[in-house]
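Peer 1: curious how this folds, go ahead:
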Amino acid sequence: MKHGKKYNDSLKAVDKTKFYDSLEACELVAANAKAKFDETVEVHIRLGVDSRHADQQVRGAVVLPNGTGKTVRTLVFCKEDKYEAAKEAGADYVGGMDYVDKIMKENWMDFDVVIASPDMMGIVGRLGKVLGPRGLMPNPKAGTVAPDVAKAVTEAKAGKIEYRLDKTNIIHCPIGKASFGKEKLAENYEALMEAVVKAKPAAAKGAYLKSITLTSTMGPGVKCNTAKYGV
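Peer 2: So this is what the prediction gives:
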């Protein structure tokens with residue numbers, strides 16, 4: 001794959017043999033995000049678990065202290081007595097069967113996060129085949145199935161992100177925009193890492209954190225130090 005001059009220049013700034021601490025890694029990634037748009041900064045964490053086993057799943061959610069820099073559109077499924085609270089918390093869409101029909105019949109997908117109260121999961125479950133593959137199905141571990149839907153909306157708007165393993169045992173998570181600067185990015189990075197380390201399954205054997213790579217949308221990857229977490 002051929003890369004452009006900006007990417008190749010950025011690559012020269014990164015020592016491929018070095019494992020950077022979080023602040024230095026964030027500084028490098030932000031400095032080398034040279035696209036004409038505000039690049040998203042992502043963390044890719046390879047774990048020493050086997051996601052095929054139920055007792056080695058790693059999944060959860062964390063509120064990033066500085067948000068993600070992205071405007072999050074929320075769809076809330078709840079009973080009518082909670083509509084007002086959800087809207088006051090900033091929900092973009094609130095409803096019940098009407099939105100199930102809209103998604104099923106019109107293929108409507110103008111939202112980024114789906115939140116549901118537990119008593120609505122019976123009807124939301126019908127959307128499993130549509131929302132599941134997109135990673136949008138409400139889940140208690142992600143805090144998107146919650147009795148207090150207003151609180152869940154507030155957290156989603158504040159920068160709550162979900163982390164989960166893909167089929168190759170890697171977690172991919174955005175931690176903000178390049179414009180955040182190194183301090184804010186590093187705070188978000190450490191908040192995510194703390195949550196992932198806490199979520200280590202008891203069944204996991206050997207090294208838990210295999211590798212951590214930090215990258216921006218168009219920039220080169222920067223390898224981060226795993227030793228400091230002691231797992």
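
Peer 1: quick one: buried residues of the lengthiest helix in the chain?
Peer 2: Among the elements of the chain assigned as helix by DSSP state H, the one spanning the most residues is helix 182-198. Neighbour-count burial for helix 182-198, counted by 16 or more other C-beta atoms under 10 Å, picks out 182, 184-189, 191-193, 195-196. No exception for glycine: its C-beta is placed from N, CA and C like everyone else's.

Peer 1: do stretch 152-161 as well
Peer 2: In stretch 152-161, the ones that count as buried by 16+ other C-beta under 10 Å are 152-157, 159-161.

Peer 1: do the same with stretch 196-206
Peer 2: For stretch 196-206, a neighbour-count test (16+ other C-beta under 10 Å) marks 196, 199-201, 204 as buried.

Peer 1: out of those residues, the closest to residue 123 would be?
Peer 2: Comparing the buried residues of stretch 196-206 against residue 123 with C-beta to C-beta picks out residue 199 as the nearest, at 29.8 Å.

Peer 1: from residue 51, how far off is the closest one?
Peer 2: Look at residue 199 and residue 51: by C-beta to C-beta, to the nearest Å, they are 13 Å apart.

Peer 1: repeat that for residue 216.
Peer 2: Distance of residue 216 to residue 51, computed by C-beta to C-beta: 26 Å.

Peer 1: rounded mean pLDDT for stretch 60-74, please.
Peer 2: For stretch 60-74, mean pLDDT rounds to 92.

Peer 1: for the protein, which segments count as strands?
Peer 2: With DSSP state E applied, the chain shows strands at 40-47, 59-63, 74-77, 93-95, 113-116, 160-164, 170-177, 209-216, 222-224, listed in chain order.

Peer 1: please identify the most buried of those.
Peer 2: Using mean count of other C-beta atoms under 10 Å, the stretch among the strands of the chain with the greatest mean number of neighbours is strand 74-77 (a mean of 27).

Peer 1: under the pLDDT cut-off, which ranges of the chain? List them.
Peer 2: The model of the chain has pLDDT under 70 over residues 1-13.

Peer 1: care to break it down by domain?
Peer 2: In terms of domains, the chain is parsed into 5-67+160-229, 74-157 (source: automatic domain parsing).

Peer 1: the helices in the protein, which residues?
Peer 2: Using DSSP H, helices in the chain cover 5-13, 22-31, 83-88, 97-106, 121-124, 128-131, 149-158, 182-198.

Peer 1: now those helices in TSV, with distance to residue 174?
Peer 2: Conversion of these to TSV gives the following (distance: least, C-beta to C-beta, whole Å):
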stretch	distance to residue 174
helix 5-13	19
helix 22-31	12
helix 83-88	25
helix 97-106	24
helix 121-124	25
helix 128-131	20
helix 149-158	14
helix 182-198	9
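
Peer 1: of all those helices, which one is nearest residue 57?
Peer 2: When the helices of the chain are compared for distance to residue 57 using C-beta to C-beta, the nearest one is helix 182-198, at 12.5 Å.

Peer 1: that closest one - contacts with which helices or strands?
Peer 2: The elements that helix 182-198 packs onto, with contact taken as 3 or more C-beta pairs under 8 Å, 6 or more residues apart in numbering; DSSP states H and E, are helix 22-31, strand 40-47, strand 59-63, strand 160-164, strand 170-177, strand 209-216.
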